[in-house]
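In: Next come a sequence and a model predicted from it.
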Amino acid sequence: MSSFSGETKNELARIIPENRCCQVAELSALLRLNGKLELTGNNRKRLCITTDNAGIARKSFKLFKALFEFPLTVVMETKRRFNTNRNYLVNAHLDEQHITILNKLGIIDDQNHLVYGVERGIVRKRCCKRAYMRGVFLARGSVSKPGGSYHLEMVFPTHELARSVQRIGESLGIRLRLTERKKTFLLYLKDSDQIVDFIRMIGANYALLEYENVRVYKSMKNQVNRQVNCETANLEKTLEASLRQVESIRRLIDRITVEGLPENLRELAVLRLDYPDSSLKELGEMLSPPLSKSGVAYRMKKLEQLSEGPM
Ligand SMILES: [Zn+2]
């Protein structure tokens, strides 16, 4: 995971939605993707969220606390000895009386059947859809740093779940693309505008700012490019005019020789032939005495007229 993804997730982990409906939605997403339900005997159950991200563990704990009153424990386990990778387990211990919570969180439906997709009641409102998407991204998402190749993805264990989340995205105006990779299912975005919409939608302001900065930088670069193109166009115009002048002067000299030219035009005519890619201003600076650009333009016009008219 890039550090950019890490920063984005740290920010998202600190957001606790205000509305109860959204708290339920986000916790439901975290449970769906990072959670499991275990029977622990005596009709007791343990609902557990496992994550290697301390921020997600803290958030899950806070959401549980805000929504329900039952015993919670947080356990930290090290995956292997001498390994710094840690897992955080947020455990909710459920008695018989707490079972309705599973229904509230969209884990079992009204008939006490396990829900495999996303329970519709959880994401009915727009605010809840956004909260659910934030939970999904926190649990299974990553996003590339802006500026390089644009990529945002979320990984799912089943096609059904990926499809459900894709539909939530659709109703929020985000077209997530679905693909299969090594027996997992991926929702992804490649378009920078869509990625910006997505990270704005889930409230990742840090990431949003980074993306906007890169965009501002890019548009500035485009402006500079336009300026360069404009200068190139001017240069082409100057060259075109110069070639026309050179042609006129050659015709004129063929007819009346350099010595035949009026004295005040002679030096300029020769300079033009010697420096075909210099501007009128530059030619004026080479004349002795120097002459302004408009003065040069006037004499150049005279030369062209002479080349056309009979002498
Ligand atoms: Zn809501």
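Out: Arrived safely.

In: going forward, measure contacts between C-alpha atoms and count neighbours the same way
Out: Fine.

In: now the helices for the protein?
Out: 3-14, 20-34, 54-67, 100-104, 126-140, 159-171, 192-201, 205-256, 263-274, 280-286, 293-308 (DSSP state H).

In: Which other helices and strands does the fifth one contact?
Out: What that stands for is helix 126-140. helix 3-14, helix 20-34, strand 152-156, helix 159-171 (3 or more C-alpha pairs under 8 Å, 6 or more residues apart in numbering; DSSP states H and E).

In: Rebuild those as TSV, extending it with distance to the ion.
Out: TSV is the format used below for those (distance: least, C-alpha to the ion, whole Å):
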stretch	distance to the ion
helix 3-14	16
helix 20-34	4
strand 152-156	22
helix 159-171	13
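
In: Of those, flag the one that's most buried.
Out: Counting by mean count of other C-alpha atoms under 10 Å, helix 20-34 has the highest mean neighbour count of the helices and strands packed on helix 126-140, with a mean of 23.

In: Let me know the angle separating that one from strand 152-156.
Out: Helix 20-34 and strand 152-156 are oriented at 70 degrees to each other (axes from the mean of the first three to the mean of the last three C-alpha atoms, to 10 degrees).

In: Including mean pLDDT, could the helices of the chain go into TSV?
Out: Formatted as TSV, the helices of the chain follow (pLDDT from 0 to 100):
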stretch	mean pLDDT
helix 3-14	88
helix 20-34	94
helix 54-67	87
helix 100-104	85
helix 126-140	96
helix 159-171	95
helix 192-201	91
helix 205-256	74
helix 263-274	88
helix 280-286	91
helix 293-308	91
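
In: right, so of these, which gets closest to residue 92?
Out: helix 54-67 (8.0 Å; C-alpha to C-alpha).

In: Residues touching the longest strand along the chain, excluding its own?
Out: In the chain, assigned by DSSP state E, the strand with the most residues is strand 86-94. Applying C-alpha atoms under 8 Å, 6 or more residues apart in numbering, the set of residues contacting strand 86-94 from outside is 44-54, 57, 60-61, 70-79.

In: ok, now with 6 Å
Out: Surrounding strand 86-94, the residues in contact under the criterion C-alpha atoms under 6 Å, 6 or more residues apart in numbering are 44-52, 71-78.

In: how far out from the middle of the chain is it?
Out: Chain-centre distance of strand 86-94: 34 Å, with C-alpha atoms, centre = their mean, to the nearest Å.

In: by how many degrees do that strand and helix 20-34 diverge?
Out: Using the same axes, to 10 degrees: strand 86-94 against helix 20-34 is 120 degrees.

In: Just the CA coordinates for strand 86-94, please, in PDB.
Out: C-alpha atoms of strand 86-94 as PDB (Å, rounded to 0.1, in the frame of the first residue of the first chain):
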ATOM      1  CA  ARG A  86       0.200  -6.500  14.000                       C
ATOM      2  CA  ASN A  87      -3.400  -7.400  13.800                       C
ATOM      3  CA  TYR A  88      -6.100  -5.700  15.900                       C
ATOM      4  CA  LEU A  89      -9.200  -7.600  16.900                       C
ATOM      5  CA  VAL A  90     -12.200  -5.700  17.900                       C
ATOM      6  CA  ASN A  91     -14.500  -8.200  19.600                       C
ATOM      7  CA  ALA A  92     -18.200  -7.700  20.400                       C
ATOM      8  CA  HIS A  93     -19.600 -10.400  22.700                       C
ATOM      9  CA  LEU A  94     -23.300 -11.000  21.900                       C
END
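
In: So in that sheet, which strands flank that strand, and in what orientation?
Out: strand 45-51 (antiparallel), strand 72-78 (antiparallel) (DSSP bridges).

In: Switch those strands over to a markdown table; also include distance to residue 12 and mean pLDDT.
Out: Listed next are the strands paired with strand 86-94 as a markdown table, based on distance: least, C-alpha to C-alpha, whole Å; pLDDT from 0 to 100:
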| stretch | distance to residue 12 | mean pLDDT |
| --- | --- | --- |
| strand 45-51 | 15 | 88 |
| strand 72-78 | 20 | 77 |
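
In: Select, out of the ones you listed, the one closest to residue 181.
Out: It is, among the strands paired with strand 86-94 and with distance given as C-alpha to C-alpha, strand 45-51, at 22.0 Å.

In: Buried only: go through the contacts of strand 86-94 for me.
Out: 45-52, 72, 74 (16 or more other C-alpha atoms under 10 Å).

In: Tell me the one among those nearest to residue 106.
Out: Among the buried ones among the contacts of strand 86-94, and counting by C-alpha to C-alpha, the member closest to residue 106 is residue 47, at 12.8 Å.
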